[in-house]
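S.K.: Return atomic coordinates for the entry below.
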Amino acid sequence: MIDAMDGLPDWRRTLLGLGSTIEDAIRCLDQSGLQIVLVIDTDLRLIGTLTDGDIRRAMLRGMGLTSAVDSIFHKQPLVAPLEMGRELVLQLMQINRIHQLPVVDANHHVVGLHIWDEILTPAGRSNLMVVMAGGKGTRLRPHTENCPKPMLEVGGKPMLEHILMRAKVNGFRRFIIAVHYLAHMVEEYFGDGAAWGIEIEYLREQSPLGTAGALGLLPQKPDEPFLVSNGDVLSDVNYGEMVEFHLRHQAAGSMAVRQYEIQNPFGVVKTNGVELVGFEEKPVYRSHINAGIYVLSPVALEYIVPGEHCDMPTLFSNMKAADEKTIVYPMHEPWLDVGRPDDLATARRQKH
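M.R.: The predicted structure is shown next:
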């Protein structure tokens, strides 16, 4: 992998050498923020391109972080010659519905990258976002004895503010916050959201209804898919891309998931009865975990009984049992569930 160095133009941070791993590609995407990786040979010639969508599909096929990218990148990407003018570039990108277009010279060396302006300044979205902020945060005591968990400060401002501002950057303007424990602290801090250039309303739970149950209190049923996030999840996920993913798959519910790895600290002995058949040295077990971020279509609300407790896994199970389409959204972006004091300390170090 070609190291990204301070002072280099942003497009240089997208470069990745042949033979690199999926983990290298994820790091490259995170460093550049341009949502594309340009795979090159040792002479800086463009070999192919790779996006976060390609990585998600590879992970769903069972590939791991140490798998090579060579089998998953696009080997004949659309490119623009150095001399192509701006208007023609924009037409080419619009016709092909692409947001990034590599620029190459006569020898196919990478010399730049065109970025569709709208990807950096997304248009406002009409989709609603609901944030669950009513929990007592008992595992975070004593920090939560006099402060609701989403209002704990990270980097000088409440976790909930980080979530709202991340969504605002992605084009969201309409929010509903579900509150219960020390609700007045949330409402007094954010008010109607005008100070942040957004609109905020509140759902007030009389008793805890779970991560999905509070949706039964919505004053009116949304007429398009809406986002739901736990109030203690800090992530760099692009909420707008998650909504688009949900729409493309025409799902009733989409659940963001992350790959979680556990390494057995011991060598594993494989047996067949009393016969020893092999060894596996400190194997790594991989699985997908619930990341606490969801997109729901309006039909999902039909599976919630107003006033009854319901968690998101139960809602998704009920929808699946009724043959509604439920899918996962594999995410690789930085993510932290701030559920314990150690997690809070980690979050504060990272945002310092």
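S.K.: Would you tell me what helix or strand residue 110 is located in?
M.R.: strand 110-115 (DSSP states H and E).
S.K.: so who does the residue lying closest to residue 150 once chain neighbours are set aside touch?
M.R.: Excluding its sequence neighbours, the residue lying closest to residue 150 (Cβ to Cβ, 6 or more residues apart in numbering) is residue 231, at 3.5 Å. Using the backbone N, CA and C atoms, a C-beta is placed for each residue, glycine as well. Residue 231 sits next to 131-135, 149-150, 159-160, 163, 177 when contact means Cβ atoms under 8 Å, 6 or more residues apart in numbering.
S.K.: on that earlier part again, and the strand holding residue 110, what does it pack onto?
M.R.: strand 37-40, strand 100-104 (3 or more Cβ pairs under 8 Å, 6 or more residues apart in numbering; DSSP states H and E).
S.K.: and those strands, which one is worst for confidence?
M.R.: Lowest mean pLDDT of the helices and strands packed on strand 110-115: strand 100-104, a mean of 87.
S.K.: From the rest of the structure, what touches that one?
M.R.: Against strand 100-104 from outside (Cβ under 8 Å, 6+ apart): 34-36, 38, 46, 49, 77-82, 84, 89, 92-93, 110-116, 119.
S.K.: Could I get the full set of helices for the stretch 51-200 of the chain?
M.R.: In order along the chain, the stretch 51-200 of the chain carries the following helices (DSSP state H, counting those that start in this stretch): 52-60, 86-96, 117-120, 159-169, 183-190.
S.K.: Can you say which of the ones you listed is nearest to residue 323?
M.R.: Closest to residue 323 of the helices of the stretch 51-200 of the chain is helix 52-60 (Cβ to Cβ; 21.2 Å).
S.K.: which parts of that closest one are buried?
M.R.: Within helix 52-60, the residues scored as buried using 16 or more other Cβ atoms under 10 Å are 52, 54-56, 58-59.
S.K.: The helix or strand where residue 287 lies: which residues count as buried?
M.R.: Assigned by DSSP H and E, residue 287 belongs to strand 284-296. Residues 288, 290-296 are the ones in strand 284-296 that count as buried (16+ other Cβ under 10 Å).
S.K.: and what of stretch 72-86?
M.R.: Buried, per 16+ other Cβ under 10 Å, within stretch 72-86: 72-73, 77, 79-80.
S.K.: With distance to residue 322 and pLDDT added, can I get the residues you listed in a markdown table?
M.R.: Putting the buried residues of stretch 72-86 into a markdown table (distance: Cβ to Cβ, whole Å; pLDDT from 0 to 100) gives the following:
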| residue | distance to residue 322 | pLDDT |
| --- | --- | --- |
| 72 | 35 | 86 |
| 73 | 39 | 87 |
| 77 | 42 | 87 |
| 79 | 47 | 90 |
| 80 | 48 | 86 |
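S.K.: Among those residues, which one sits closest to residue 262?
M.R.: residue 72 (24.7 Å).
S.K.: Not counting sequence-adjacent ones, nearest residue to residue 43?
M.R.: Excluding the flanking residues, the one nearest residue 43 by Cβ to Cβ, 6+ apart is residue 109, at 7.2 Å.
S.K.: Next, find the distance separating the residue nearest the centre of the chain from residue 35.
M.R.: In the chain, the residue lying closest to the centroid (Cα atoms, centre = their mean) is residue 237, at 2.9 Å. Distance, residue 237 to residue 35, by Cβ to Cβ, to the nearest Å: 12 Å.
S.K.: any low-confidence regions in this structure?
M.R.: 1-10, 83, 85-87, 117-123, 137-144, 274, 335-352 (pLDDT under 70).
S.K.: May I see the buried residues of the helix or strand harbouring residue 255?
M.R.: Using DSSP H and E, residue 255 sits within strand 253-263. Buried residues in strand 253-263, counted by 16+ other Cβ under 10 Å: 253-258.
S.K.: Pull the most distant pair out of these.
M.R.: So, these by Cβ to Cβ: farthest apart are 253 and 258, at 17.3 Å.
S.K.: contacting residues around residue 96?
M.R.: Contacts of residue 96 (Cβ under 8 Å, 6+ apart): residue 78.
S.K.: Next: residue 108.
M.R.: 45-46, 79.
S.K.: Likewise for residue 78?
M.R.: Residue 78 makes contact with 92, 96, 98, 101 under the criterion Cβ under 8 Å, 6+ apart.
S.K.: okay but the first one is in contact with residue 81, surely?
M.R.: Read that as residue 92. No: checked against Cβ atoms under 8 Å, the pair residue 92 and residue 81 is beyond contact range at 10.8 Å.
S.K.: Fine by me, we can end here.
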